[in-house]
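Asks: how would this look folded up:
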Amino acid sequence: MRFASIRVITDDPTRLVTFYEQVTGTGARWLTDQFAELLLPSCTLAIGATATVALFGAGAATPASNRSAILEFLVDDVDREHARLSAQGLLTDVVQHPTTMPWGNRSLLFRDPDGALVNLFTPVTEQARARNTG
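Replies: Down below sits the predicted model:
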């Protein structure tokens, strides 16, 4: 089994796709006007409009209601990304400025336009780098 993607449901796919394009530096592939994918090296981030939820059944997903999952991106230098995203005005809801965590990752936590938690992290200890290699 291979983890392939995570899908985020939103009322405004254009806004959310644009946000993640800017965060990741990756252009989206729009499959319809209500569904796009950002093909990243390790996984695909799919973003769908609320209308696409009807295909799964009523109430299957509710936009802008996540408070349990964190979208995490491994980056080369979290402090450089913090500066870049700040300069672009993308960090409007920072939860935690770059901080070295007890498990050896330096992390920046912020919310996307729909309120989902995003973590950009860089392994900074030898053990953390070993865990994130491969």
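
Asks: give me the number of residues near the nearest residue to residue 61 once chain neighbours are set aside?
Replies: Spatial nearest neighbour of residue 61, chain neighbours left out: residue 9 (4.4 Å); criterion: CB to CB, 6 or more residues apart in numbering. All C-beta spots, glycine's among them, are computed from the backbone N, C-alpha and C. Using other CB atoms under 10 Å, residue 9 has 23 neighbouring residues.

Asks: what's the following helix or strand after the host helix or strand of residue 99?
Replies: Counting by DSSP states H and E, the element that carries residue 99 is strand 94-100. Next along the chain after strand 94-100, taking DSSP H and E as the criterion, comes strand 105-111.

Asks: per-domain residue ranges of this structure.
Replies: 1-65, 66-134 (automatic domain parsing).

Asks: and the residue nearest to residue 61, what is it in contact with?
Replies: 48-50, 52-53, 61-63 (CB atoms under 8 Å, 6 or more residues apart in numbering).

Asks: repeat for residue 75
Replies: Residues counted as contacts of residue 75 (CB under 8 Å, 6+ apart) are 81, 120-122.

Asks: Which of the three states applies to the residue nearest to residue 61?
Replies: Per DSSP: H, G, I helix; E, B strand; the rest coil, the local secondary structure of residue 9 is strand.

Asks: on that earlier part again, reformat the domains of the chain into JSON lines and put mean pLDDT next to each item.
Replies: Shown next, in JSON lines, are the domains of the chain (pLDDT from 0 to 100):
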{"stretch": "domain 1-65", "mean pLDDT": "91"}
{"stretch": "domain 66-134", "mean pLDDT": "95"}
